[in-house]
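>>> take a look and give me a structure for this.
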Amino acid sequence: MSEAYVFPPYGEKVEELIKEFGGTVMETYRGYDIKPLWKQDGEGYTGYKYLYKAPKIEKIAYGVGFFRDKLMSSALIIWPDDEHALPIYSSYWADSAKGSFFIIDCYPLADCIRDLPYLEKYLAPLEDIYDSGLKHFPPSKVRSENWFRTITSPYVITTEAEATPENQERLLNLTLDYLKVYIDLWKKEEPSPPEYMKELNARKEAIRITFQKRDSIGDMMLTRALGKELAHLSLLTQF
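Numbers count the residues shown, from 1 in each chain. Predicted coordinates for the structure are as follows:
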């Protein structure tokens with residue numbers, strides 16, 4: 001008899017690392033009351049989503065949802081504030097007995113071929129983790145939209161994987177290891193000159209707007225489960 005499927009311990013592991021930022025839970029965002037996202041109950045759906053404000057960070061958006069106890073959908077995205085040149089940490093993981101859909105990256109705010117020091121400082125620390133991840137999850141076309149490819153770094157991992165405990169553990173470790181590198185960068189980060197940040201912030205805003213307009217992962221499912229208003233609020237707070 002095959003092993004019974006169980007969800008990976010994503011929530012508890014990620015929440016433990018998020019505490020490193022020492023952030024505070026946000027109750028409003030851009031004029032919206034976001035407390036309804038803290039506990040979500042819908043048609044065959046339960047979930048939660050929180051936004052945190054932390055030093056050097058505009059927001060940490062973290063959420064987990066369960067569709068009829070058959071599919072776990074989890075996302076964590078960290079946006080730096082306008083004074084710091086950190087990349088945008090982003091991970092998405094949908095897991096079920098049928099398999100995993102997984103994306104992880106740190107989106108650069110700089111054009112890295114024009115700004116090689118940015119590449120070396122903020123992205124090169126991912127090299128060993130990325131190489132290790134590729135041994136089990138070689139490059140795939142899980143997400144191949146041209147606009148998405150313009151946003152990603154050389155260290156993006158996108159994959160579809162079989163639902164095995166081994167793969168769950170590997171994907172969870174990738175999520176946590178990328179996050180640990182990001183936290184280490186965050187701890188050392190100092191403000192950058194406003195003139196340098198001008199172009200970086202312009203790219204950051206372009207990334208935000210493009211995701212809001214074009215990203216549809218989970219949007220249809222959330223709308224069906226929670227209604228258009230709450231689904232829209234969840235998307236707005238994500239990006």
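>>> what about residue 198, how many neighbours?
Using other CB atoms under 10 Å, the number of residues around residue 198 comes to 10. Any C-beta I mention is one placed from the backbone N, CA and C, and that applies to glycine too.
>>> my reading is that it lies in a helix. Confirm?
Yes. Membership of residue 198 in a helix is supported by DSSP: H, G, I helix; E, B strand; the rest coil.
>>> and it, how far from residue 114?
From residue 198 across to residue 114, the span is 14 Å (CB to CB, to the nearest Å).
>>> what's the answer for residue 178, then?
Between residue 178 and residue 114 the computed distance is 24 Å (CB to CB).
>>> more neighbours: which of those two?
More crowded of residue 178 and residue 114, by other CB under 10 Å: residue 178, with 24 against 9.
>>> which element is that one on?
helix 165-188 (DSSP states H and E).
>>> list the buried residues in that helix.
Using 16 or more other CB atoms under 10 Å as the test for burial, helix 165-188 gives 167-168, 170-172, 174-179, 181-182, 185-186.
>>> mind checking the SS state of the nearest residue to residue 189 once chain neighbours are set aside?
Setting aside the residues directly before and after it, residue 189 is nearest to residue 84 in space (CB to CB, 6 or more residues apart in numbering), at 5.2 Å. Taken by three-state DSSP, the conformation at residue 84 corresponds to coil.
>>> now the helices for the protein?
For the chain, the helices defined by DSSP state H cover 10-18, 116-118, 127-136, 146-151, 165-188, 194-214, 219-226, 228-238.
>>> and the second one, what does it pack against?
Of the remaining helices and strands, none touches helix 116-118 by 3 or more CB pairs under 8 Å, 6 or more residues apart in numbering; DSSP states H and E.
>>> pretty sure residue 70 is touching residue 94, no?
No. Counting by CB atoms under 8 Å, residue 70 stays clear of residue 94, with 11.0 Å between them.
>>> neighbour count: these two, which is higher?
Between residue 70 and residue 94, counted using other CB under 10 Å, the more crowded position is residue 94 (21 against 12).
>>> residue 75 is in contact with the more buried one, correct?
No. Between residue 94 and residue 75 there is no contact under CB under 8 Å: 9.3 Å.
>>> identify the contacts common to these two.
Both residue 94 and residue 75 lack any common contact, where contact means CB atoms under 8 Å, 6 or more residues apart in numbering.
>>> so where's this structure uncertain?
The model of the chain has pLDDT under 70 over residues 1-3, 216-221.
>>> rerun at 90
Within the chain, the segments meeting pLDDT under 90 span 1-5, 41-45, 67-69, 138-145, 163, 212-236.
>>> against residue 149, how distant is residue 94?
20 Å.
>>> ok, residue 174 next?
From residue 174 across to residue 149, the span is 20 Å (CB to CB).
>>> the helix holding residue 178 vs helix 127-136, what angle?
Taking axes from the mean of the first three to the mean of the last three CA atoms, to 10 degrees, one finds helix 165-188 and helix 127-136 inclined to each other by 160 degrees.
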